[in-house]
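[1] Give me coordinates for this.
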Amino acid sequence: MKTTTAMLLVGLGGLVALPALAQSEWRTQVQVSTGSGVGGNLEFAFDGGLNVPSSATSLSNAFGAFAEATSALNAGGYVPTLGVHAISGSDRAQAVSWGVQLYTNTTGSPIDTGLVLQLDGTITGPNDLDAHVYLFQDENFEFAFDNGTILFETTSQLWPGFEPYANNLGPDGFDISVHNTAGPVSETRQFDFTVPAGDSFYVWALVVGTADTSGEVDASSTLTASLTNTTGIAVGSAEPAVPGLGPTAAVALGVLMAAVTVVVLRRRSPPSPA
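    Residues are numbered from 1 along each chain as shown. This is a model prediction of the structure:
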């Protein structure tokens, strides 16, 4: 039996909610799958979506595969907490969780802050764990399910200066990929930036746990992201978007997210040398 457990916590503590930011997009979303498709045993389960405060789902099959995923926006701060768990007996299992939120400088002056990530965990046996956290400008932000699409096939624009940190598996990159590895995992990332008065930014987060080989694996990890300075920064409203002002409505989850399983970790161009 093989087990994969991962937790992604985006913790921007101490933030307050903007009461009527109708154009903000906030989202929790999860997808799990079991089976490799051989013999027709591939199954999917989904939950969550646009402006949904929490989502959770799980799935198991007769071949010993089990997967569960959770995503929630913490009360008061609407900050995403993401978790995935996958177990493989003689079949593949995968759990995927997403979170996205908008943040705004509500003061009349620029704010210096930083986005800090810390990934800690232990993997015993071959196992796959991937995490991606990106910083986007609010203008033209367009949600996508996988990191390759949101970076290269949408109108979303990375925060100025964050470009070298995205699509980068290097020691400074905000993409972490641990494949077929056993042992402890400890990774730290930090990006310092200035938010001009009145400007907004998005934090987009994705975590994927995949169990696809035989054997027993008991793995857990925690990825935390925080702002070094939250004074004067507010999170987007948890009120549903006003018709005509909000982002485009989500398409049917079943069709789109089933396809995402294949492309959720898209091929990326090699990161630029440090």
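
[2] bridging residues for Thr104?
    Ser200, Ala234 (DSSP bridges).

[3] Does anything pack onto the host helix or strand of Ala69? Which helices or strands?
    Element membership for Ala69 (DSSP states H and E) is strand 66-73. Of the remaining helices and strands, those touching strand 66-73 by 3 or more CB pairs under 8 Å, 6 or more residues apart in numbering; DSSP states H and E are strand 27-34, strand 54-60, strand 80-88, strand 93-105. Every C-beta, even on glycine, is put in place using the N, C-alpha and C of the backbone.

[4] what comes into contact with that strand?
    26, 28-34, 48, 53-60, 79-87, 93-99, 101, 209, 211, 238 (CB atoms under 8 Å, 6 or more residues apart in numbering).

[5] Low-confidence ranges, the stretch 51-200 of the chain, go.
    Where the stretch 51-200 of the chain drops to pLDDT under 70, the residues are 74-80, 121-125.

[6] would you list the helices and strands packed on strand 66-73 in JSON lines and tack on distance to Trp204 and mean neighbour count?
    Listed next are the helices and strands packed on strand 66-73 as JSON lines, based on distance: least, CB to CB, whole Å; neighbours: other CB atoms under 10 Å:
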{"stretch": "strand 27-34", "distance to Trp204": "9", "mean neighbour count": "28"}
{"stretch": "strand 54-60", "distance to Trp204": "16", "mean neighbour count": "18"}
{"stretch": "strand 80-88", "distance to Trp204": "9", "mean neighbour count": "26"}
{"stretch": "strand 93-105", "distance to Trp204": "5", "mean neighbour count": "27"}
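
[7] what about those, which gets the closest to Asp120?
    Closest to Asp120 of the helices and strands packed on strand 66-73 is strand 80-88 (CB to CB; 14.4 Å).

[8] what lines up beside the closest one in the sheet?
    By DSSP bridges, strand 80-88 pairs with strand 2-10 (antiparallel), strand 66-73 (antiparallel).

[9] rewinding a little: restrict the strand holding Ala69 to CA atoms and write it as CSV.
    The C-alpha coordinates for strand 66-73 follow below in CSV (Å, rounded to 0.1, in the frame of the first residue of the first chain):
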residue,chain,number,x,y,z
PHE,A,66,-8.0,6.2,-2.3
ALA,A,67,-7.8,9.9,-2.8
GLU,A,68,-9.2,12.9,-0.9
ALA,A,69,-8.7,16.7,-1.2
THR,A,70,-9.9,19.7,0.8
SER,A,71,-9.8,23.4,0.3
ALA,A,72,-11.2,26.1,2.6
LEU,A,73,-11.1,29.9,3.1
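
[10] Out of the helices and strands packed on strand 66-73, flag the one nearest Gln157.
    strand 93-105 (14.1 Å).

[11] so the following helix or strand past the closest one versus strand 93-105, what angle?
    Going down the chain from strand 93-105, the next helix or strand is strand 111-123, by DSSP H and E. Interaxial angle of strand 111-123 relative to strand 93-105 (axes from the mean of the first three to the mean of the last three CA atoms, to 10 degrees): 170 degrees.

[12] In terms of secondary structure, what does strand 111-123 contact?
    strand 128-137, strand 183-195, strand 220-227.

[13] Mind putting those into a markdown table with distance to Val203 and mean neighbour count?
    Converted to a markdown table, the helices and strands packed on strand 111-123 look like this (distance: least, CB to CB, whole Å; neighbours: other CB under 10 Å):
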| stretch | distance to Val203 | mean neighbour count |
| --- | --- | --- |
| strand 128-137 | 6 | 23 |
| strand 183-195 | 11 | 15 |
| strand 220-227 | 7 | 21 |
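
[14] Redo those as CSV? Include distance to Tyr202.
    As requested, those are arranged in CSV below (distance: least, CB to CB, whole Å):
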stretch, distance to Tyr202
strand 128-137, 4
strand 183-195, 12
strand 220-227, 13
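
[15] of these, which approaches Asn167 most closely?
    Among these, strand 128-137 sits nearest to Asn167 (CB to CB), with 9.0 Å.

[16] counting contacts, what elements does that closest one pack onto?
    Applying 3+ CB pairs under 8 Å, 6+ apart, one finds that strand 128-137 contacts strand 2-10, strand 111-123, helix 147-152, strand 175-179, strand 183-195, strand 200-211, strand 220-227.
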